[in-house]
Every structure is written in C-alpha cells, then in structure tokens.
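In: Need coordinates for the following:
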Amino acid sequence: MPAFAAEDAAAPTVQWVMPWKAGTTLVYAMEDTTTEVRGDQRSRSRSTSTTEVRITEASKEGFVQSWTGTGGRFQVLEGDRAAEALMQQFASAFDGVALEVQLNAAGNYARAGNIAELAPRLREAFLAGAQLGLDQQLAKTGEDVSGEARLKAMERMQGIVDRMTAPAVLEAMLTRNVQWYNGFVGIDVEPDETYELHTELPNPFGGPTFPATLTFSLAVSSEDPEDLFVSFDQRIDPEKGRAAVIGATRALLGEDVPENSLQALAFSMVDEGLFVVHRPTGTVEMFEAVRTTKFGDFEKVERHRLRLTSGGHGHVWRDEQEAEAAAAK
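Out: Residues are numbered from 1 along each chain as shown. Coordinates of the predicted model:
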C-alpha cells in the first residue's frame, strides 16, 4: 500500500498490524448470497460453509495461506430450483479442498498458488453445469436433447469452459474476495480520513484493463478502542469499463460480438466492503464484500460474508440480528 499518511507526517496514524505467522489458523462462518434481476425475472441463492484460513508456510519472502471450506450447503431462495442439486454436488465435491495463495512479506495478496491442481476438477464441474443448462434450454424450445443441435452447442460450451478455466481467469474468479481480505493489512493511516487511489485492474482475458477508483477509510470504534473498522469502495470507470467488458465477452465466447449490440447498454461495477479488525492482533473478526454489476436491464448483487467463530468478539451481522428479533415476536 502507498504511504498515504505522507501528506502530514505529524498527524497521528493507526496501523492494521499483520496477523500472520506460521500455524496461524482462523475459522469463519462463511455465507455467499447472489441476487440476479433481469426485467421482471428475479433469482436469489445462498451458499454457506465453515471456512478455515491457515498459514501453512512462513518465510522472509512471505506466507502461504490456505482457504478450506467444509460442510458446504447451497440453496435456491428464489427462482428456478432446477440447478440446486447440481450446485450442492459441486459444493460437496470441493468439501475440504484447499485453495492456496501466496502473500508477500507485508502480508498482502501476491498470487494464487495451486490453480493448476484445481483446474481439471473445476473444468469437470463447469462442464456438468453447462450440460444441465443446455439440456434445460433445449427442452424449453422442444428440440431433441440428443440431436445435432445439442452436439454443436456442447462443442461451443466446451470452448467457453476451456477459456473459463484458464489460469488467469480462474485466479480472478476464485480469489477475488481473498484478495480483498488480504488487501489492506499493514495500512497505517489517519483515522476518519478518506483515501483515494486510481488504478488499472487487470483483465484476465488479456484485453483492455478496467480503470477504477478505490476509496477507503479506517476508524477506531468509539465503544471499544480495540476494534478497527476499515471500509472500501471501488468503482470501475463505466465508459472504459464497458470496452473491457465487451473485449472480455468476445474472448470468453471465442467469437465476435457486434459492438453496437452492447455499446449502448449502461454498465457499472461497484465493490463495497467492511472489515471489523481486532486492533492488537490484526485479526479480521468480520468481513463483508459486496459486488454490484449492472449491464443494461441486468443486475447482479454478490455478497460475501465471513464471521470469526472463535475469540468471543461478540460482533454480529445487524440485519440478521434484526431478522431474528422480528421472527421471535
């Protein structure tokens, strides 16, 4: 992270200390929810697991951090439930399978570690999902699911899955929230100030980058000085971002997409997040990241949550607490 506090060296700053050392193990209750809306069609799903974050190696160069989910459960809360069983199978297939990432010496994300090992299993799972979706679509149109149309469509889908499971694309898909989780460790800034950074996000398909503006702030809890609140907001430039999306869509599909069919569509992508950090140790006790993507009449909201299950920190998700209180009345 840049030394943002350099503008006023005399101003008091607060640092997020690095929590990592060999053997550090944190266990979280994880929840992902995804809501999609297109016109009058709405779907919502939820997945949960127990997620272990562990430092398996430590050296002067950095750390190896593993992420392992167990007890995964997938639910369709609104919309078509046809894929629910398949998604549960997907969750079960990766139960206990670790994703490894490399952190630098400062404790920030550097790169993914074992993508090559995970890729064949992910490709198999993606193909199964593509096959199910294709058969359902053909059934709706009344076409023969064993005929030539299906064979041609599956050839196209196999190409898309091959591109989806390229190392750079998988890293972007699998580590987005891991990158956020490790992205702010070590910041040393004035509390209650907003910091801004203009950046270029890499395009995993190799096309135009995504210009973005990142703002973040740190605050010390007024109720407990051992609690730090770190919030962030990252917004893709809508005009330049649209060009990157069009390029990525073409690369994924492996075919040309008429630019005039997408150019007029409104586009936005916003990432927002919040950390609750134990100040003396740097441990993340609560973490939420929300990505909202809009393209034309399509809107997708992806919310990722982690809550530390140990340590007796007492923090809860306020909306869940309010919902439980309302249900108890």
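
In: and Ser47, what are its bridge partners?
Out: Beta bridges link Ser47 to Asp32, Phe74 when assigned by DSSP bridges.

In: correction: Arg305
Out: Glu31, Glu288.

In: isn't it right next to Trp317, touching?
Out: Yes - with contact defined as C-beta atoms under 8 Å, Arg305 reaches Trp317; the gap is 6.8 Å. Just so you know, the C-beta spots here come from the backbone N, C-alpha and C atoms, and that holds for glycine as well.

In: who has more neighbours, these two?
Out: Arg305 (20 against 14; other C-beta atoms under 10 Å).

In: gap between the more buried one and Tyr181?
Out: For Arg305, the distance to Tyr181 equals 12 Å [C-beta to C-beta, to the nearest Å].

In: what touches both of the two?
Out: Phe287 (C-beta atoms under 8 Å, 6 or more residues apart in numbering).

In: returning to that earlier point: give the residues shared as contacts by Arg305 and Trp317.
Out: With C-beta under 8 Å, 6+ apart as the test, Arg305 and Trp317 both reach 286, 288.

In: now the strands for the stretch 1-150 of the chain?
Out: 14-15, 25-38, 41-59, 62-78, 98-104, 109-112 (DSSP state E, counting those that start in this stretch).

In: Between these, which one is closest to Ser268.
Out: Taking C-beta to C-beta, strand 25-38 is the member of the strands of the stretch 1-150 of the chain nearest to Ser268, at 14.1 Å.

In: buried ones in the closest one?
Out: 26-28, 30-36 (16 or more other C-beta atoms under 10 Å).

In: do stretch 232-240 as well
Out: Neighbour-count burial for stretch 232-240 [16+ other C-beta under 10 Å]: 232, 234-237, 240.

In: Filter those residues down to just the ones in helices.
Out: Lys240 (DSSP state H).

In: returning to that earlier point: for the buried residues of strand 25-38, give me a markdown table that also has distance to Glu190 and pLDDT.
Out: Shown next, in a markdown table, are these (distance: C-beta to C-beta, whole Å; pLDDT from 0 to 100):
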| residue | distance to Glu190 | pLDDT |
| --- | --- | --- |
| Leu26 | 28 | 97 |
| Val27 | 33 | 97 |
| Tyr28 | 29 | 98 |
| Met30 | 32 | 98 |
| Glu31 | 33 | 98 |
| Asp32 | 33 | 98 |
| Thr33 | 34 | 98 |
| Thr34 | 36 | 97 |
| Thr35 | 36 | 98 |
| Glu36 | 39 | 96 |
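
In: Can you give me the distance of Leu174 to Val230?
Out: 23 Å.

In: Could you give the number of residues near Gly312?
Out: Gly312, neighbours per other C-beta under 10 Å, totals 5.

In: can you offset everything so residue one is 3?
Out: Okay, using 3 as the starting number, the last item reads as Gly314.

In: Now do it against Glu287, distance only.
Out: Counting by C-beta to C-beta - Gly314 and Glu287 are separated by 10 Å.

In: what does Leu254 give?
Out: The value you get for Leu254 to Glu287, if C-beta to C-beta is used, is 37 Å.

In: in the stretch 153-302 of the chain, which spans are strands?
Out: 190-191, 196-203, 212-222, 229-238, 269-280, 285-297, 300-310.

In: For Ala170, find the nearest of these.
Out: strand 196-203 (12.4 Å).

In: Can you find the helix or strand of the protein with the lowest average pLDDT?
Out: Using mean pLDDT, DSSP states H and E, the weakest-scoring helix or strand in the chain turns out to be helix 320-330, at a mean of 75.

In: Understood, closing this out.
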